[in-house]
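1. sharing a model that was predicted from the sequence below.
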Amino acid sequence: MQQLIPDYTIPSGKAHQTLEIGFVTDDVPTLFQKVVEAGYETVLAPVKKPWGQVVAYVLDPDGHLIELCTPM
């Protein structure tokens, strides 16, 4: 994860980071905003990767990393 999100540190007191769940959507910024408005913790706001995919990262209530991404 450090290669994908250089400034990311695993939150203390949260679940062990043993997996990442990804959800594919055509509109990452809108979905990310809904997550923010619902009060969930965010890790990385939407960014466009060099290969053209838009990704963002959030945490679920148990501290698991969730990737929001456009199709590859």
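-> Perfect, thanks for sending it.
2. from Gly39, how far out is the residue lying closest to Glu41 once chain neighbours are set aside?
-> Using CB to CB, 6 or more residues apart in numbering and skipping residues adjacent in sequence, the residue nearest Glu41 is Leu59, 4.4 Å away. Just so you know, the C-beta spots here come from the backbone N, C-alpha and C atoms, and that holds for glycine as well. Look at Leu59 and Gly39: by CB to CB, to the nearest Å, they are 11 Å apart.
3. could you do Asp26 as well?
-> Counting by CB to CB, the gap between Asp26 and Gly39 amounts to 24 Å.
4. give me the beta-bridge partners of the spatially most central residue of the chain?
-> Centroid-nearest residue in the chain: Tyr57, 1.0 Å away (criterion: CA atoms, centre = their mean). For Tyr57, the residues forming beta bridges with it (DSSP bridges) are Leu44, Glu67.
5. shouldn't it be in contact with Leu65?
-> Yes - distance between Tyr57 and Leu65: 6.1 Å, which falls inside the contact criterion (CB atoms under 8 Å).
6. just to revisit the earlier point, just the pLDDT at the residue nearest to Glu41, thanks.
-> The score at Leu59 is 89. That number is its pLDDT.
7. check whether it really touches Ile66, as I assumed.
-> Yes - counting by CB under 8 Å, Leu59 does reach Ile66; the two are 6.8 Å apart.
8. low-confidence regions, the protein specifically.
-> Low-confidence segments of the chain (pLDDT under 70): 1-5, 8-19.
9. for it, what spans make up the strands?
-> In the chain, strands defined by DSSP state E lie at 20-24, 42-48, 54-59, 65-69, listed in chain order.
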